[in-house]
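**Q** next come a sequence and a model predicted from it.
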Amino acid sequence: MVNTLFSKRIHVSETFSNDQSLVLICNDALECAKTLPTNFFSLIVTSPPYNLGKEYEQRSSLRNYLSQQRPLIHELKRALKHNGSICWQVGNYVEDGEVFPLDLYYYDLFKSEGLKLRNRIIWHFEHGLHCSLRFSGRYETLLWFTKSDNYLFHLDPVRIPAKYPGKLHFKGEKRGQPSGNPLGKNPSDIWSIVAQDWERGIWEIPNVKANHPDKTEHPCQFPVELVERCVLAFTNDDDWVYDPYCGVGSALIAAAKHGRRAVGCDRDQAYLAVARERLQKLAEGTLKLRPLGKPVHVPTGREKVSQRPAAWDAEKVLL
Ligand SMILES: C[S@@+](CC[C@H](N)C(=O)[O-])C[C@H]1O[C@@H](n2cnc3c(N)ncnc32)[C@H](O)[C@@H]1O
């Protein structure tokens, strides 16, 4: 059951005011951040451009790219509540075949603003480009920073089933009683691998690619499921969430789905139009989303595509 703040016809405002529930602003991320209130958002969650020359960004030197991010991070910290969190999801910048993991560089930017790192979460996915001159990349990271030591963190809503829930205390006063938590275990800082995530006790959040129900025409969406975990763990009902590079609105969808208010900014009107449409579908209950925590499909071995082509082995015999 989707718990939203909204009736079937939603109103998405184009300018910020705190009597709204959903706001989509078309502007540059820094200019927009400057207009937002101080000490206001419980969660700021985003996937910024990676400076890779995608259709929505101008590639420049790594140094230049990072220096443009510094004033934005300063504004975001100002807009963040004292007990709030920033989640910054990034991958690699690549130049002439050399890999620069962006989280290493972003760490200093956040740290110099006085933010504190609580987790460096590995988001692992199974699909992507196959590299021939290095190992294929199959994870990105999500840096979770807080503004202070007094931060909101709810573990219970994001617990996952334990591998061995039947484990018992084997000594002491509680001998013979279950040793785990009936709500499940801490999901760890690897939000990853597939197969049977419930069995293996780890989260798999598939990369948003073809055949994924969340997919839109945006080239680099992040999965709504990824943000849902942040929303549930770092905010309360009715709190405000902000995505400074919101694209097609995945973060706003995750927030609205769980009864939080949200603001998104992107400088591309076409992406914002898709975001608006997705939010409307969410309110109507027709938005296709992967359910939070749904195990990723594992081939049974009977599908033709999961079988080794006979020709490969025939060739070997001939050699
Ligand atoms: C990696 S995508 C984020 C996608 C988003 N997480 C989603 O799920 O749709 C980065 C977004 O930043 C936007 N963008 C790039 N530079 C921007 C800027 N200076 N100000 C605002 N938005 C910008 C792009 O249009 C793009 O949608």
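**A** Received it, and whenever you're ready, just let me know what you need.

**Q** give the burial count for whichever residue of the stretch 51-200 of the chain sits closest to the ligand, as a bare number.
**A** Per CB to the nearest ligand atom, Y56 is where the stretch 51-200 of the chain lies closest to the ligand, at 3.4 Å. From N, CA and C alone the C-beta is placed, and that goes for glycine too. Y56 is flanked by 16 other residues according to other CB atoms under 10 Å.

**Q** again, but for the one 3 residues further on
**A** Neighbourhood size, R59 [other CB under 10 Å]: 14.

**Q** what kind of secondary structure is the residue lying closest to Y151 once chain neighbours are set aside in?
**A** Nearest non-adjacent residue to Y151, counting by CB to CB, 6 or more residues apart in numbering: N83, 5.1 Å away. Recorded secondary structure, N83: strand (DSSP: H, G, I helix; E, B strand; the rest coil).

**Q** give me the pLDDT for N83.
**A** Looking at N83, its pLDDT reads 98.

**Q** hang on, it packs against F234?
**A** No - with contact defined as CB atoms under 8 Å, N83 does not reach F234; the gap is 9.3 Å.

**Q** common neighbours of the two, please.
**A** S42, Y151, L152 (CB atoms under 8 Å, 6 or more residues apart in numbering).

**Q** and those residues, which of them are in strands?
**A** Judged by DSSP state E, these include S42 as members of strands.

**Q** mind putting the shared contacts of N83 and F234 into TSV with neighbour count, distance to the ligand and pLDDT?
**A** Shown next, in TSV, are those (neighbours: other CB atoms under 10 Å; distance: CB to the nearest ligand atom, whole Å; pLDDT from 0 to 100):
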residue	neighbour count	distance to the ligand	pLDDT
S42	23	18	98
Y151	18	23	98
L152	16	22	98
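
**Q** how about N27, nearest residue that isn't a chain neighbour?
**A** Distances taken as CB to CB, 6+ apart place C265 nearest to N27, at 5.6 Å, with adjacent residues excluded.

**Q** and what of N51?
**A** What sits nearest to N51 in space, not counting adjacent residues and going by CB to CB, 6+ apart, is Y65, at 4.2 Å.

**Q** that neighbour against P48, yeah?
**A** No - at 9.4 Å, Y65 and P48 do not qualify as touching, with contact defined as CB under 8 Å.
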